[in-house]
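> Mind folding the following:
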Amino acid sequence: MNNWKPVEKSWIDNDLENQFWLLDEPQQRFWNLIKVMPQKWQLSPIGDLGGGFYVVAIFGNQVLYFNDIEDGYNISEFKTFGVINDYFCNQNELHHSINYLYDKVSSGT
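Numbers count the residues shown, from 1 in each chain. Model prediction:
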């Protein structure tokens, strides 16, 4: 972790654009409903060094965020806006996380 540096917002923006085209049309429409401007949310103590993690989507009481320590997208609940409840270290690409959420919504689970 000695060489680790927080991800730049420009990298997040580029990744979101590139991953969008990996989605089917229904998932693209779903993404357009839940996405937000990437914004840093707190997740102490793990996220403190980088000033938090970029949240890229909000849906109900859950957020989709990029864990730049582990290099992947994760889903967590939140109780307070701006604070991620749980640290996850999945190394999912954005389109995998969106497809997972879309399937959950579509199946009603």
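> Name the surrounding residues that touch the lengthiest helix in the chain.
Using DSSP state H to define each element, the chain has its longest helix at helix 94-107. Residues outside helix 94-107 that contact it (C-beta atoms under 8 Å, 6 or more residues apart in numbering): 15-16, 19, 22-23, 26-27, 30-31, 34, 56-57, 59, 64, 73-75, 92. Bear in mind the C-beta positions are built from the backbone N, C-alpha and C, glycine included.
> Give me the buried subset of those.
Listed as buried from the contacts of helix 94-107 are 15-16, 19, 23, 27, 30-31, 34, 56-57, 59, 64, 73-75, 92; burial here means 16 or more other C-beta atoms under 10 Å.
> Strands along the protein, start to end?
Ranges of strands in the chain, per DSSP state E, are 35-41, 53-59, 62-67, 72-77.
> what's the closest of these to V83?
strand 35-41 (6.3 Å; C-beta to C-beta).
> Packing partners of the closest one?
On a contact count with 3 or more C-beta pairs under 8 Å, 6 or more residues apart in numbering; DSSP states H and E, strand 35-41 meets helix 9-20, strand 53-59, strand 62-67.
> would CSV of the ones you listed with distance to Y87 and mean pLDDT be doable?
Below are these laid out as CSV (distance: least, C-beta to C-beta, whole Å; pLDDT from 0 to 100):
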stretch, distance to Y87, mean pLDDT
helix 9-20, 18, 97
strand 53-59, 9, 97
strand 62-67, 8, 97
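> Can I get the ones you listed in CSV including distance to S97?
Output for those, formatted as CSV (distance: least, C-beta to C-beta, whole Å):
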stretch, distance to S97
helix 9-20, 9
strand 53-59, 9
strand 62-67, 6
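> mind giving me TSV with the strands of the chain and columns for distance to S106?
Shown next, in TSV, are these (distance: least, C-beta to C-beta, whole Å):
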stretch	distance to S106
strand 35-41	18
strand 53-59	13
strand 62-67	16
strand 72-77	16
